[in-house]
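Trainee: take a look and give me a structure for this.
(chains A and B)
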Amino acid sequence: MIENNRLSKEQYEENFADIHPPFENITAAKVDANRCLFCYDAPCTKSCPTEIDVPKFIKQISTENIKGSAKTIFSSNIMGAGCSKVCPVEKLCEGACVYNLLEEEPIPIAKLQRYSTEIAMEKNWQLFERKQSTGKKVAIVGAGPAGLSCAHALSREGIDCTIYEKESKGGGLMTYGIAAYKVTPQFCEDEVNYILSIGGIEIKYNQELGKDVTLAQLKKEYDAVYLGIGVGVARQLDIPGENLEGVVDAINFIYDISAKGYSTVPVGDKVAVIGMGMTAIDAATQAKCLGAKEVTMLYRRTQEEMPCTEVELNIAKKDGCKIVWLASPQKIKGAQKKVKQLVCSVMKLGEPDVSGRRSPVDTGETFTLDVDMVIKAAGQVPFEKLIKKYNLDNKYGKLIIDNNCATNIKGVFAGGDAVNGGKEVVDAVQAGKDGAFSILKYLGVKN
Amino acid sequence: MADIRSNFLGIKSPNPYWLASAPPTDKKYNVLRAFEAGWGGVVWKTLGSQVKNVSSRYSAVDFNGGRMMGFNNIELISDRPLDINLKEIAECIKLFPDRALVVSLMADNDKKSWHELIKKVEDTGAHGLELNFGCPHGMTERGMGAAVGQDPDIACMVVEWVMEAANIPVITKLTPNVHSVVPTGRSVVKAGTNALSLINTIQSVTGVDLDTLVPNPYVAGKSVFGGYCGPAVKPIALKFLTTIAQDELTKTVPVSGIGGVSTWKDAVEFMLLGASNVQVCTAAMKYGFRIIDDLCDGLNNWMDEKGFNTLDDFIGKSVDTITHWEDLDINYHHIAKINQDKCIHCGLCYIACEDTSHQSINIHLYVPFSWQHFME
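Mentor: Predicted coordinates for the structure are as follows:
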């Protein structure tokens, strides 16, 4: 049965408690900061998409120069606070820490980054000064990580930025698509406000491109346009029964938990989650947190090919989620319009596909799971229709840009998930920086 | 098991570890706890005229996340009434007759005061006297402590007074706040002291509080130079010790080594450079008396491993290895052993060589892990 309000307030609080608690004080932070070897040409920095100078900011914590430390982080990554909570650091900075080669615990880089950035946000330290206005205006579509990062970098150089956001809150997938035990809606709002506090950036909410505003309008009114529109729609399974009551989209499910409150979100007794990316993990673990009795994650390939990291997989396992490899949903059976069963094909691995991963092949065998809820987390697809409508060059709906982040339309730039099809927040932040750099060149503000 | 019993001028103790004259040896309660824990002996906190202390009177120096690399104090000699101290000393000796009980003294600067004080202390049954010629603060302004130790002639005079009255062994404690401890050392040996101990604390400013802009320790908006001790001073203490161990005159008397002894290894180093035993304070103040277990155990295991049966088998063994620079072998070469398999790509060898040495290492930048190449 699908129902909400399954747990007590205390149980919800406990289930959704911060998964990576922060350092409680400077003394605790310094213990780990002092372990850092202060590597030269450090692997952690090189493995960060935004190239945060990690040894430098950690050294600054060890000298109690927290303001300097925060500035080092934000100079490279204006969403450094959020990234410290959501980055899959095990495959980025912490995975590259030289301590791994000594078979020692790596430096808790994310936790240290969180320490400095949270203090900076709490004290509202203004670390960047906006240059005098150049009079140039740039429109940015999407107030997600790419758009915000682009806007901040432009505003610093004296560009006036206007962001058009289709939702009523900023932050993009940071706000709408990440588990509540990693970031809270309040944190996301605070982070957006902190980024905007530099000035020179206006966000127009509930303004959707192609509906409330057109690309032609933006091109006319602004000196340049940056498209940080991300990816939108959840990939359809295209199987019978997809419209039954109890089939939900993972992003919507995650959004409701963050935005509407734990107790209001309904969850089934027996939940199947399709997919094995970060979003699938966030959906499955949170279904458990909401009180689902049984959560089964289904993936059509094996652990070798899964998109999520092992750390993430372990979170799901620890929460008691069952994992079924080599299973592809075939049809959803229902009764009285409600989900009752999920029929899956048993797969085997065949030849490598375009992604280089071995592609799953149907063995012809099937099995059936009794479920009352199916959460779709098989990836998101780009806004293909919108992109094609504006004749923007694309590949399966993913925008094509040149080395200067420019699309085929003059003065229109793009970056983030809309271009790469969906990567980490930190990748989008870097894309926003790159976009801003190109736009500044294009506007003749920098060369 | 090696024999770690110590015999210092006939003052016997089950191990070579004495607690130095300081807060831990200020009263009976602490001293009994120390003896129960297993300490070989104590040097009772300095007795003299009645004084009154300020508060606060300690401050510490931390280093790279490690607590208390060094420590300083602006505390004076014992601020408890003399008769209570004397009574408690006698009681401690009765309860633990197998331990060494030496009493530190700093009388007013006249012969009569010294003679009176020595008589009273000897009546307690104490095993020895240690003359505090080293305290660098508070007492020097009154012509005592380091003011005596810094002037070989005054030190000589006071030791002569002491030797006239003393019937038990006399140890003279030297101050490191001089360019060399040898002149005072020679002077007091000539005057008849039976032994030396060193070092006392080093005058210091441990740091300045960046909020109040007043150095530590903070006493109502002011501070003074304090006596520095703890692990940070060990290298300096070892140097002073070696000069005493190498001088023809001063090496004729036993030396009690003091200055940053925290572990059995530190103790062994002091003894290798000529100390007959060691005194400990800061480490005990930081961790409590229980550290005596490992101080003894580690020493014992090391002696067994090296085949030393008694302390005398290795005391002073390294003294002759410290020579003059011009006697070093100019043809001796020390070359780094490089094992690329052990490289963790921290890049620190490269940057150290590049910035501060002779540019002998190349690095491949901007690859996930930096690779270094060493020029032969």
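Trainee: same question for stretch A:59-70, mean pLDDT?
Mentor: Throughout stretch A:59-70, pLDDT has a mean value of 97.
Trainee: any residue of it up close to chain B?
Mentor: Yes. Using CB under 8 Å from any CB of the partner chain, stretch A:59-70 reaches chain B at residue A:62. Every residue, glycine included, has its C-beta placed from N, CA and C.
Trainee: in that stretch, what counts as buried?
Mentor: For stretch A:59-70, the neighbour count (16 or more other CB atoms under 10 Å in any protein chain shown) marks A:59, A:60, A:61, A:62, A:66, A:68, A:69, A:70 as buried.
Trainee: check stretch B:237-251 too.
Mentor: By neighbour count with 16+ other CB under 10 Å, stretch B:237-251 contains the buried residues B:237, B:238, B:240, B:241, B:242, B:243, B:244, B:245, B:246, B:247, B:250, B:251.
Trainee: once you drop chain neighbours, what's closest to residue B:139?
Mentor: If the residues on either side of it in the chain are set aside, residue B:139 comes closest to residue B:145, at 3.7 Å by CB to CB, 6 or more residues apart in numbering or on different chains.
Trainee: I misspoke; the intended subject was residue A:367.
Mentor: Nearest non-adjacent residue to residue A:367 (CB to CB, 6+ apart): residue A:344, at 5.7 Å.
Trainee: for my notes, confirm the one you found occurs in a strand.
Mentor: Yes. Assessed with DSSP: H, G, I helix; E, B strand; the rest coil, residue A:344 lies in a strand.
Trainee: what residues does chain A have near chain B?
Mentor: Counting by CB under 8 Å from any CB, chain A sits next to chain B at A:30-31, A:33-35, A:37-43, A:46-47, A:62, A:96, A:98-99, A:101-102.
Trainee: of the buried residues of stretch B:237-251, which belong to strands?
Mentor: Using DSSP state E, no member of the buried residues of stretch B:237-251 falls in strands.
Trainee: picking up where we left off before, report pLDDT for the residue nearest to residue B:139.
Mentor: Looking at residue B:145, its pLDDT is 79.
Trainee: with residue B:366 instead?
Mentor: 69.
Trainee: cool, the one 4 residues further on as well?
Mentor: pLDDT, residue B:370: 68.
Trainee: residue B:21: which of the buried residues of stretch A:59-70 is nearest?
Mentor: Closest approach to residue B:21 among the buried residues of stretch A:59-70 (CB to CB): residue A:62, at 36.4 Å.
Trainee: find the nearest non-adjacent residue to the closest one, please.
Mentor: residue A:33 (4.1 Å).
Trainee: surely the one you found is in contact with residue A:57?
Mentor: No. Using CB atoms under 8 Å, residue A:33 makes no contact with residue A:57, being 9.2 Å away.
Trainee: residues in contact with residue A:436?
Mentor: Residues in contact with residue A:436 (CB atoms under 8 Å, 6 or more residues apart in numbering or on different chains) are A:149, A:150, A:151, A:152, A:153, A:154, A:157, A:226.
Trainee: from the residues you listed, which land in strands?
Mentor: residue A:226.
Trainee: quick one: which of the contacts of residue A:436 is most hemmed in?
Mentor: residue A:150 (36 neighbours; other CB atoms under 10 Å in any protein chain shown).
Trainee: which ones are touching the residue nearest to residue A:367?
Mentor: So residue A:344 contacts A:298, A:324, A:327, A:328, A:329, A:330, A:366, A:367, A:368, A:369 (CB under 8 Å, 6+ apart).
Trainee: leaving out the residues flanking it, which one is nearest to the first one?
Mentor: Spelled out, that is residue A:298. residue A:327 (4.4 Å).
Trainee: can you report phi and psi for residue 277?
Mentor: All of this refers to chain A. phi -90, psi -170 (degrees, to the nearest 10).
Trainee: was after chain B, sorry
Mentor: phi -150, psi -180.
Trainee: do the same with residue A:140
Mentor: Per degrees, to the nearest 10, the backbone of residue A:140 is at phi -120, psi 130.
Trainee: if I look at it, how far off is residue A:440?
Mentor: The spacing between residue A:140 and residue A:440, counted by CB to CB, to the nearest Å, is 14 Å.
Trainee: now do residue A:50
Mentor: From residue A:50 across to residue A:440, the span is 18 Å (CB to CB).
Trainee: re the thing from before, and the buried residues of stretch B:237-251 near chain A, which?
Mentor: Among the buried residues of stretch B:237-251, chain A is touched by none when using CB under 8 Å from any CB.
Trainee: sort out for me which of these are in helices.
Mentor: Among the buried residues of stretch B:237-251, the ones falling in helices (DSSP state H) are B:237, B:238, B:240, B:241, B:242, B:243, B:244, B:245, B:246.
Trainee: so who does the fourth one touch?
Mentor: Contacts for residue B:241 were tallied using CB under 8 Å, 6+ apart; they are B:198, B:199, B:255, B:257, B:259, B:270, B:273, B:274, B:275.
Trainee: specify the local secondary structure of residue B:228.
Mentor: Assigned with three-state DSSP, residue B:228 falls in the strand class.
Trainee: much appreciated, bye for now.
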